[in-house]
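In: Give me coordinates for this.
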Amino acid sequence: MKAAVELKNVVKSFGFITVLDGIDLSVPEGSFTSLLGPSGCGKTTLLNIIGGLDKPTEGEIRFGDELIYSAPNAVNVPTEHRNVGYVFQSYALWPHMTVLQNVGFPLRIRGLAATERNRRSQEMLERLELGHLADRYPFQLSGGQQQRVAIARSLVYQPRLLLLDEPLSNLDAQLRERARAWLKNVHETFKLTVILVTHDQAEALSLSDHIVLLNKGRIEQQGPARKIYEEPRTAYAADFVGGANVIAGRLDDTGTVLVTDNGNRIVSAGREPGQPGAPACVSVRPQKMRLLDRPGTDGAGTTLPFAPSTVLYLGGAFEIVGKSPVGELRILSQSPPEGTDLHVFLPADECLRVLP
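Out: Next up, the predicted model:
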């Protein structure tokens, strides 16, 4: 698939601090790509570099076949000539302008006559079901409405990229869920290449067809959203995307069983044998483990003693955190723990070996 954006060896440093360290990234044309990671991992800096609000210390950026930035060749296309739409976390609407005027502002600075820009702005508002808000001011809008107006303003001049910097973070939980569906619909309707910055793995998984997981300025893993979730390569990826339990140890002589420091053996399945004695981890999702009220096995896998310390009711399940011989484990169960001789079963086919 053709790349809408391609970065090669992009580095960004502030003095002695390296924020981005050798980023190689290809964003597929027409994709919804999420830059996912915790605060301080470099995702917003990366978005700003793509949009031209910041420039790399080293590296090269292309939009399709067009060279946008190159340190060796002294090329740096200005932000206003990159033709990207940008929605900031604060939405950045002009408080003294109506919704129609806010949406039309990018057309105004591009020199369009008032009649034409009002026509195009009203058309965009109607397409996004915001036409009834045209004469209101930002202070008269809800947070969700302000977000939609900011996106309308970014789409009205038909950008080749839409860049979103955590646009849902200021919304309450219920509204955020509806906004995800609306954003997905906008992407499919306008057939744009969208790049979203988020720290919310649920948001990234539900919206994206391509995820770039960042860790301390480097790409930890990238690929289709489903593959990132189901086939994490590292302990960091397994934990951050889906909140898996991660158990550390070393591989046994067969290269297939994890042996923890205290001698517990965790049976896993589905990957080729590793190097015997090499450090490794096993990840297992909380919803894939089973709570047992007596010792024993439940098929191929590992059974461990389990002592619950915290039980939270989440509405459709119970989140149970407790101690085991391999450390603290988190389980999602349809029923609360009962009895005193509890054990947890880790199915072998749900235990995935990952890199430390």
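
In: Show me how the chain divides into domains.
Out: 3-230, 238-354 (automatic domain parsing).

In: what about the shortest one, start to end distance?
Out: So that's domain 238-354. 8 Å (C-alpha to C-alpha, to the nearest Å).

In: circling back to that earlier point, same list, the domains of the chain, but as CSV with mean neighbour count and mean pLDDT please.
Out: For every residue, glycine as well, the C-beta is placed using N, CA and C. Shown next, in CSV, are these (neighbours: other C-beta atoms under 10 Å; pLDDT from 0 to 100):
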stretch, mean neighbour count, mean pLDDT
domain 3-230, 18, 93
domain 238-354, 16, 91
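
In: from memory Ile68 sits against Arg62, does it?
Out: Yes: Ile68 lies in contact with Arg62 (C-beta atoms under 8 Å); the separation is 6.1 Å.

In: What sits closest to Glu116 if chain neighbours are left out?
Out: Nearest non-adjacent residue to Glu116, counting by C-beta to C-beta, 6 or more residues apart in numbering: Leu107, 7.4 Å away.

In: Now find how far off-centre whichever strand or helix holds the one you found is within its chain.
Out: Following DSSP states H and E, the helix or strand that holds Leu107 is helix 99-109. Distance, stretch centre to chain centre, for helix 99-109: 30 Å (C-alpha atoms, centre = their mean, to the nearest Å).

In: which helices and strands does it pack with?
Out: helix 114-127, helix 143-155 (3 or more C-beta pairs under 8 Å, 6 or more residues apart in numbering; DSSP states H and E).

In: which residues sit against the shortest one?
Out: When you say that, I think you mean helix 143-155. 85-88, 91-93, 99, 102-103, 105-106, 121, 124-125, 128, 130, 133, 138, 141, 162, 164, 167-168, 170-172, 175, 178-179, 182-183, 186, 190, 192 (C-beta atoms under 8 Å, 6 or more residues apart in numbering).

In: 7 Å - rerun?
Out: Residues outside helix 143-155 that contact it (C-beta atoms under 7 Å, 6 or more residues apart in numbering): 85-87, 91-93, 99, 102-103, 105-106, 124-125, 128, 130, 133, 138, 141, 162, 167, 170-171, 175, 179, 186, 190.

In: now swap in stretch 12-27 and tell me
Out: By C-beta under 7 Å, 6+ apart, stretch 12-27 touches 3-11, 33, 42, 45-46, 49, 56-57, 193, 195, 212, 217-219.

In: Looking at those, which are in strands?
Out: 3-11, 33, 193, 195, 212, 218-219 (DSSP state E).

In: Pick out whichever of those residues sits closest to Thr260.
Out: Ranked by distance to Thr260 (C-beta to C-beta), these are led by Arg218 at 27.9 Å.

In: what's across from that closest one in the sheet?
Out: Taking DSSP bridges as the rule, Arg218 bridges to Asn215.

In: Could you tell me which residues make contact with the residue nearest to Gly327 when sequence neighbours are not counted?
Out: Residue nearest to Gly327 in three dimensions, not counting chain neighbours: Ile247, with 6.9 Å by C-beta to C-beta, 6+ apart. Residues near Ile247 by C-beta under 7 Å, 6+ apart: Leu258, Thr260, Ile266, Cys281, Val282, Val326, Gly327.

In: again, only this time at 10 Å
Out: 235, 258, 260, 264, 266, 268, 280-284, 302, 304, 324, 326-327, 329, 346, 351 (C-beta atoms under 10 Å, 6 or more residues apart in numbering).

In: do the same with Leu175
Out: Ser142, Gly143, Gly144, Gln147, Leu168.

In: Out of the contacts of Ile247, list just those in helices.
Out: Ala235 (DSSP state H).

In: taking the contacts of Ile247 one by one, which sit in strands?
Out: Going by DSSP E, the strands hold 258, 266, 280-284, 302, 304, 324, 327, 329, 346 from the contacts of Ile247.

In: Just put the residues you listed in CSV and tack on distance to Arg290.
Out: Output for the ones in strands among the contacts of Ile247, formatted as CSV (distance: C-beta to C-beta, whole Å):
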residue, distance to Arg290
Leu258, 19
Ile266, 15
Ala280, 23
Cys281, 21
Val282, 16
Ser283, 16
Val284, 11
Thr302, 11
Leu304, 11
Ser324, 13
Gly327, 18
Leu329, 12
Leu346, 8
